[in-house]
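*Asks:* Quick one, structure for this:
(chains A and B)
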Amino acid sequence: MATPTIAPGPEAPSWPARKSTGRASRSWLAALPLLLFIAFAFGIPAIAVVVGAFTVEDPVTSTSRLGIENMTDSLQGAYRTSLWASVKLSAFVAVVGGVLGTFLAQAVVASKGTFLREAVMTASGVLANFGGVPLAFAWIATLGNAGLLTTTFGLGKTGFSLYTFWGLAIVYLYFSIPMMVLVMAPALDGLRPHWREAALNNGANGWQYWRYVGIPVLTPALIGGMVLLFGMAFSAYATAAAMVGATVPLVTLQIADALSGNVLVGHENLALALSLNMVIVAGIVMVIYLPLRNRSSRWLQ
Amino acid sequence: MAAMTTADRRPGLGRAGVLAIAAVYFLVPLAASFWFTIHNDATGFSFSTYGDILTADGFTQSLFMSLGLGVTTIVVVLALMLPAMLAVRLGAPKLGQVLEVICTLPLVVPPITFVAGISTVLRWAPDQLASTPFWATLIAIQKPNFPIVLVLAYVVLATPFVYRSLDAGLRAIDVKTLVEAARNLGAGWTTVMFRTILPNLRTSIASAAFLTLALVLGEYTVAVLLGFRPFAVWIVTISGANAQLSVAVSLLSLILTWALLLVVSGVGRKRT
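*Replies:* Below is the predicted model of the structure:
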């Protein structure tokens, strides 16, 4: 594959203004391969999803036309249940993982030993990327039907099962909490000790310090981290597929099912309508987050 | 000060509690998985599962396929991203916002919706392209032992990570001054690229490469739904026949991924 090179700049610029405009026009060329690649590899599938989601196929006459039937179908019955279950699971993981991750980050940031801090931060960096199939198998070996803890403590008799909504939540927290630690530790580091001292000198107690100073400053980082956790849990497929198969209805599992041809004839585009729903939900969550992103930057720089 | 230390002592207990619970939650599954692979009620203790991995059906094939895909993805994504990001620094700052949006898109669009789009295109394309020269290309990118279509997808999925790594590296050096100095001394653009820019970005290029490799080695969603069988898919296919083996391979792939990520964080720390 040919390596694109930087477009050559003007030979001997004599005029500063001309130099910059000359460069600007040609610098675009260096980014052209990337833009073309994204337009091809990302743009075409994206267009296919949107067009397909609004294309209704008639199995009898084998014709297709534009329509919203796929979209309305994708919001009804089992599909509606699965989208709702995905949103609930992701929201639960985001909030619980966000809170627990923040406590863990605070415990690490507040402790004096640098060794503990280094160890936890490195472990978090590693565990936050621990998703997919291996995560599922590690938990199956631990709490699955034949898992070590399940057999040792006889959890099976108590009705416990890993292959449920709550089982998935426990597993998803395994990568969500470390991710939250990674997000929150720098933000907690940004809380200046003299803010706390000022608050205490003015007669505030510890709770009041957190209520009126700490948490308001941290809110954007908190929400940003939770949005990230929501997105990770919402789009996770490999872990769920390897773990629960189809016993917990999640929208990612439904899409995979529909893509594998497991839908009524003429409803092949349902997978695309479900996909579009997912993108819309993810987009809404991002939109909520964006205005908050810059709010605390002036405090935490 | 004295009042503060007594006030801090109580949270100290809470802190130890938080850390202890976290340690249990994060370490038990790893320990239990390891135990699961070496102990079997029928045969007792044995490390033979780990020995069986190498001879397991399809192991080397799927691993080499994943490694090949990973290396190709790294080369392509760097060849596309580096020039674009340098262009932003050198004279097209407006392009920076475009680039940032492009590199955030894969985070907003879940991989499964991306693969839904790809498989739709691949299903639709044969009808439209059968009589054109693109037909051969379409077949070529879907070769079962080295599917280039997966490289295309992985490059898109890797852009956010590569963007962040390279951006951190470019922030630390003054690209414009370096390039102008090199140009004034008579260096051609190839020299500038390979002897001035790249050596200065060594660490961030390395971390971008490792993150991409970790991503490709663990990727399951796109591969399984397009019907290919790289490493992560192989682990799931053998799990039915040999649960111990699949857990052992999972643990090993974890350790491999961790080693890669530890190298990244070690490299990142050395530079500061």
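*Asks:* What ranges does the stretch 101-250 of chain B have for its helices?
*Replies:* For the stretch 101-250 of chain B, the helices defined by DSSP state H, counting those that start in this stretch cover B:111-129, B:134-140, B:148-172, B:175-184, B:189-191, B:198-200, B:202-218, B:221-225, B:231-239, B:243-271.
*Asks:* and stretch B:161-170, is it in reach of chain A?
*Replies:* No - remark: stretch B:161-170 sits outside contact range of chain A, by Cβ under 8 Å from any Cβ of the partner chain, the gap being at least 9.9 Å. For glycine as for every other residue, the C-beta is placed from the backbone atoms N, C-alpha and C.
*Asks:* which other residues reach that stretch?
*Replies:* Residues outside stretch B:161-170 that contact it (Cβ atoms under 8 Å, 6 or more residues apart in numbering or on different chains) are B:77-78, B:81-82, B:85-86, B:89, B:99-100, B:103, B:200-201, B:203-205, B:207-208, B:211-212, B:215, B:268.
*Asks:* cool, and stretch A:115-123?
*Replies:* In contact with stretch A:115-123 (Cβ under 8 Å, 6+ apart) are residues A:Leu104, A:Val108, A:Val109, A:Ser111, A:Pro178, A:Val181, A:Leu182, A:Ala185, B:Leu19, B:Phe26, B:Leu262, B:Ser265.
*Asks:* roughly how far is it from the heart of the chain?
*Replies:* Centre-to-centre, stretch A:115-123 and its host chain are 23 Å apart (Cα atoms, centre = their mean, to the nearest Å).
*Asks:* A:Arg65: what secondary structure?
*Replies:* The three-state label given to A:Arg65 by DSSP: H, G, I helix; E, B strand; the rest coil is strand.
*Asks:* Contacts only, for it.
*Replies:* Going by Cβ under 8 Å, 6+ apart, A:Arg65 touches A:Thr55, A:Val56, A:Asp58.
*Asks:* So what sits opposite the first one in the bridge?
*Replies:* Listed by DSSP bridges, the beta-bridge partners for A:Thr55 are A:Leu66.
*Asks:* I'd say it and A:Asn269 touch.
*Replies:* Yes - A:Thr55 is within contact range of A:Asn269, at 5.7 Å (criterion: Cβ atoms under 8 Å).
*Asks:* any shared contact partners between these two?
*Replies:* A:Asn70.
*Asks:* Quick check on those two: which one has the bigger neighbour count.
*Replies:* When neighbours are counted by other Cβ atoms under 10 Å in any protein chain shown, A:Asn269 comes out ahead of the other of A:Thr55 and A:Asn269, with 28 against 19.
*Asks:* wait, that one sits on A:Val49?
*Replies:* No - counting by Cβ under 8 Å, A:Asn269 does not reach A:Val49; the two are 9.5 Å apart.
*Asks:* longest single helix anywhere in chain B?
*Replies:* helix B:2-38 (DSSP state H).
*Asks:* Name the residues of that helix that are buried.
*Replies:* Within helix B:2-38, the residues scored as buried using 16 or more other Cβ atoms under 10 Å in any protein chain shown are B:Arg15, B:Val18, B:Leu19, B:Ala22, B:Phe26, B:Pro29, B:Leu30, B:Ala32, B:Ser33, B:Phe34, B:Phe36, B:Thr37.
*Asks:* Show the contacting residues for the third one.
*Replies:* Going back to what we said before, that points to B:Leu19. Neighbour list for B:Leu19: A:Leu104, A:Ala107, A:Val108, A:Ser111, A:Leu116, A:Val120 [criterion: Cβ under 8 Å, 6+ apart].
*Asks:* same deal with the second one?
*Replies:* For B:Val18, the contacting residues are A:Phe103, A:Leu104, A:Ala107, taking Cβ under 8 Å, 6+ apart as the criterion.
*Asks:* Neighbour-wise, which one of the residues you listed leads?
*Replies:* A:Leu104 (25 neighbours).
*Asks:* Got phi/psi on that one?
*Replies:* Main-chain torsions, A:Leu104, degrees, to the nearest 10: phi -60, psi -40.
*Asks:* Pretty sure it sits against A:Met179.
*Replies:* No - assessed by Cβ under 8 Å, A:Leu104 is found out of contact with A:Met179, at 11.2 Å.
*Asks:* list residues touching both of the two?
*Replies:* By Cβ under 8 Å, 6+ apart, no residue touches both A:Leu104 and A:Met179.
*Asks:* that older thread, looking at the contacts of stretch A:115-123, which one is closest to A:Phe153?
*Replies:* Nearest to A:Phe153 among the contacts of stretch A:115-123: B:Phe26, at 19.1 Å, using Cβ to Cβ.
*Asks:* Got phi/psi on the residue nearest to that closest one when sequence neighbours are not counted?
*Replies:* Taking Cβ to Cβ, 6 or more residues apart in numbering or on different chains, and ignoring the residues beside it in sequence, B:Phe26 has A:Leu127 as its nearest neighbour in space, at 6.5 Å. Per-residue torsions, A:Leu127: phi -70, psi -30 (degrees, to the nearest 10).
*Asks:* Distance of A:Leu127 relative to A:Met243?
*Replies:* Separation of A:Leu127 from A:Met243 (Cβ to Cβ, to the nearest Å) stands at 17 Å.
*Asks:* got it, and A:Asn202?
*Replies:* Separation of A:Asn202 from A:Met243 (Cβ to Cβ) stands at 52 Å.
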